[in-house]
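Engineer: Here is my input, please return the structure:
(chains A and B, ligands or ions: 2)
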Amino acid sequence: MPNMIVCVKQIADPEAPAGSFRVDEAARKVIPASGVSQVVSPFDEQAVEAALRIKDAQGGKITVLSLGKDFVMDVIRKPMAMGADELILLQDPAFEGADSRSIAYALAMAIKKIGEYDLIFCGRQAADWDAGQVGSGIAEFLGIPSVTVAKKVELVDGNVRVERVVTDGYEVIEVSPPLLITVSNELGEPRYPKLKGIMAAARKEVPTWTAEDIGAEPSKLGAAGARIKLLKLFIPVREAKCEIIEGENPEEAAANLALKLREVKLI
Amino acid sequence: MAENKGVMVCGEIIEGKLSSITTELLGGGRGLADALGEELSLVLMGSGVGHLASEAIAFGADKVFVVDDPLLKDYQTDSYVAVMEKVVKQVSPNILLLGQTAMGRDLAPRLAFRLDTAVSMDCVELSIDPESKLMLQTRPVYGGNARAIYACEETRPQMATVRSKAMDPLERDDSRKGEVVSIESGLDPSLIRTKVVEKVKEEVAGIKLEDAEVVVTGGRGMGSAEAFQELEALAKVLGAAVGATRPPCDNGWVPSSLQVGLTGKIVGPTLYIAVAVSGSSQHMAGCSGSKNIIAINKDAEANIFKEARFGVVGDYKKVLPAFTAKVKELLGG
Ligand SMILES: Cc1cc2nc3c(=O)[nH]c(=O)nc-3n(C[C@H](O)[C@H](O)[C@H](O)COP(=O)(O)OP(=O)(O)OC[C@H]3O[C@@H](n4cnc5c(N)ncnc54)[C@H](O)[C@@H]3O)c2cc1C
Ligand SMILES: Nc1ncnc2c1ncn2[C@@H]1O[C@H](COP(=O)(O)O)[C@@H](O)[C@H]1O
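Structural biologist: Ligands and ions are numbered 1, 2, ... in the order given. Okay, here's the model as predicted:
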């Protein structure tokens, strides 16, 4: 039965109204908007779902890993409420100021500490900084193969069969474990936690590991291990100048829109 | 680090031709190379691809590195990362550019980690800082709500993937001169751990979304697969391609290859007609390069009206048929 690990990130709801979004340009930081809730990054929920589907079919164990701070426990326990077995949090000031590389390094070290794994799942990209790098980084640090942007993952006779989304369709890729897979929304909706799952998840112990616990080299963590520097963060200006086309009724407004497009030679 | 010189583009070949992202990267890369007074090169990987070198030169490359090997016929992470690692170590470029495509998204991070450097993904603007001579890498973050500018100060090459349509190709000029260098792949087949067993095409008939001059897009507010047939009718009259936001794809109303946005297709038509689309930042990431956005939405407060040039506030069920009929009449159909 496969041992599976899913990496999930807690972020501010990426579908909150754009108008609520603010940045502190001087500090190069996003200002947390009041009233915007924390969520598990959406593709990461799909990564949990991909692991659960394998567990439904073949059994196995799912361990969830999350690196961060200010965890909202009800939020970060959600993958367990959905059916994952364990959750381990990585939290340490040494992780702060990281780039994709130093996060991938820390997660890879934690995975080495867990020790046994056949499949590691990540989201295709975290829906805050939209980098899409950490999964490949973990695979590179662990020296295992990776398949990115998956829409279906199955275990067939001990081999992994992955459907990877490409521009004009998808590819079917076969590879033997251990393997890292990043998951995309084409996988389908993640399941809702059931009440029983939520109650069971709330009772589980959640260990927190520090940099020392995972045996990480301080020089490779957080800001010290980062290879890229953020010079500037800003909100791009948009000039709003929409001309609303009116009419006595919707049909007339529609016809007027067509006439307008003709007038400005767009049709 | 002083020995790292030149701007290198990692090329992509689609159906035996240089893909559009490759000529765009050559156009953008040319500007960076000229600003630095350095050379622009292209890496061509594949099987039987050498004949494309002259085309790459016509589009601006000073030098083309050709790695020809039957093992490179299909993109595979292990083989392409290994070959690019070898080429980069041999040539020592200062800058390496890739496309934000199925291949570049997969290849770039893994290669950057292996080379112990960093990459900025999905850049929309690249420039050379006149003082530091560093490449400034601008990319949308937070779904497009903000922009970040990065630099990679210490390690080389400085790497970026670039969003399609963010850069302009040069005019093709067959009189341009350049050098073609062939490099052995040195691939050990046993290092390729994955196997592509099948490729499934899900292409829709008609005009390609990415290339279309007119795009008609439906959002969640369309409500059903049947409703998209009304959009098809308008698209037919206009000779347009049909696109969608993510929810219609997730709901199975349309194939997921129609998705426009951050994680879908990037379009840049002259006319983009968005029907029952709210205008989320992640969707706009894929269509904000359109020259004219037209919105039909029943909610006057919808964000799409902040991005559109013309709009009608109303129920698409009433607006769309009347609009299609009038367009048809005007076009003499
Ligand atoms: C990391 C990430 C990546 C994403 N990538 C993409 C992407 O690539 N592409 C993408 O599209 N989305 C993407 N999304 C999803 C995105 O955030 C939005 O959820 C999505 O774009 C909303 O689609 P929509 O506008 O169709 O739906 P909604 O936001 O639900 O809007 C529907 C609109 O239809 C209008 N409407 C309803 N009924 C009618 C009617 N009868 N007549 C007229 N108007 C009507 C409503 O007023 C509303 O404005 C991504 C999200 C995340 C977090
Ligand atoms: N802090 C984190 N903790 C756990 N997993 C993470 C973290 N950051 C990124 N990941 C994983 O890596 C994926 C890609 O993240 P990114 O490269 O930041 O876009 C995410 O979808 C997660 O699965």
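Engineer: Quick check, the residue in the stretch 51-200 of chain A closest to ligand 2?
Structural biologist: Closest residue of the stretch 51-200 of chain A to ligand 2, Cβ to the nearest ligand atom: A:Gly123 (2.5 Å). Just so you know, the C-beta spots here come from the backbone N, C-alpha and C atoms, and that holds for glycine as well.
Engineer: Chain B - how does it break down into domains?
Structural biologist: Domains of chain B are assigned by automatic domain parsing as B:7-191, B:209-330.
Engineer: For my notes, confirm A:Glu45 occurs in a strand.
Structural biologist: No - A:Glu45 sits outside any strand when classified using DSSP: H, G, I helix; E, B strand; the rest coil, being helix.
Engineer: What is the burial count for it?
Structural biologist: 23 (other Cβ atoms under 10 Å in any protein chain shown).
Engineer: same thing with B:Gln229?
Structural biologist: With other Cβ under 10 Å as criterion, B:Gln229 counts 10.
Engineer: Using the three-state scheme, assign it.
Structural biologist: Going by three-state DSSP: B:Gln229 is helix.
Engineer: mind checking how far the closest residue to B:Lys133 other than its chain neighbours is from B:Arg30?
Structural biologist: Leaving aside its chain neighbours, B:Lys133 sits nearest to B:Leu36 (6.5 Å; criterion: Cβ to Cβ, 6 or more residues apart in numbering or on different chains). Using Cβ to Cβ, to the nearest Å, we find B:Leu36 at a distance of 11 Å from B:Arg30.
Engineer: helix or strand for B:Ser54, which one?
Structural biologist: helix B:53-58 (DSSP states H and E).
Engineer: right, I mislabeled it, should have said B:Tyr150
Structural biologist: Going by DSSP H and E, B:Tyr150 is in strand B:146-151.
Engineer: Low-confidence stretches in the stretch 1-150 of chain A?
Structural biologist: Within the stretch 1-150 of chain A, no range satisfies pLDDT under 70.
Engineer: higher neighbour count, B:Leu36 and B:Arg30?
Structural biologist: Neighbours per residue (other Cβ under 10 Å) separate B:Leu36 from B:Arg30, with B:Arg30 holding more: 20 against 17.
Engineer: In this model B:Leu42 seems to touch the more buried one, though I could be wrong.
Structural biologist: No - in this structure B:Arg30 lies outside contact range of B:Leu42 using Cβ atoms under 8 Å: 10.8 Å.
Engineer: got a list of what the residue nearest to A:Thr167 when sequence neighbours are not counted touches?
Structural biologist: Of all residues beyond its chain neighbours, the one nearest A:Thr167 is B:Ala102 (5.6 Å), with distances taken as Cβ to Cβ, 6+ apart. Applying Cβ atoms under 8 Å, 6 or more residues apart in numbering or on different chains, we find B:Ala102 in contact with A:149, A:164-167, B:75.
Engineer: mind redoing it with 10 Å?
Structural biologist: Going by Cβ atoms under 10 Å, 6 or more residues apart in numbering or on different chains, B:Ala102 touches A:148-149, A:164-168, A:170-171, B:12, B:75.
Engineer: Need the pLDDT of it.
Structural biologist: On pLDDT, B:Ala102 comes in at 97.
Engineer: Also B:Leu25?
Structural biologist: B:Leu25 is given a pLDDT of 98.
Engineer: Equivalent analysis for B:Met1, please.
Structural biologist: Confidence score, pLDDT, at B:Met1: 48.
Engineer: Check the one 4 residues further on too.
Structural biologist: With respect to pLDDT, B:Lys5 has a value of 97.
Engineer: ok so, going back, which one of the domains of chain B lies closest to A:Ile244?
Structural biologist: domain B:209-330 (5.3 Å; Cβ to Cβ).
Engineer: Just confirm yes or no for the closest one near ligand 1.
Structural biologist: Yes - Domain B:209-330 is in contact with ligand 1 by Cβ under 6 Å from any ligand atom, via B:219-221, B:245-247, B:259-264, B:276-278, B:280, B:282-283, B:286, B:297-299, B:302, B:315-317.
Engineer: Just give the number of residues close to B:Ala241.
Structural biologist: With other Cβ under 10 Å as criterion, B:Ala241 counts 24.
Engineer: List the residues that contact the nearest residue to it once chain neighbours are set aside.
Structural biologist: Closest residue to B:Ala241 apart from its sequence neighbours, by Cβ to Cβ, 6+ apart: B:Ala212 at 3.7 Å. Going by Cβ under 10 Å, 6+ apart, B:Ala212 touches B:206, B:235, B:238-243, B:267-272.
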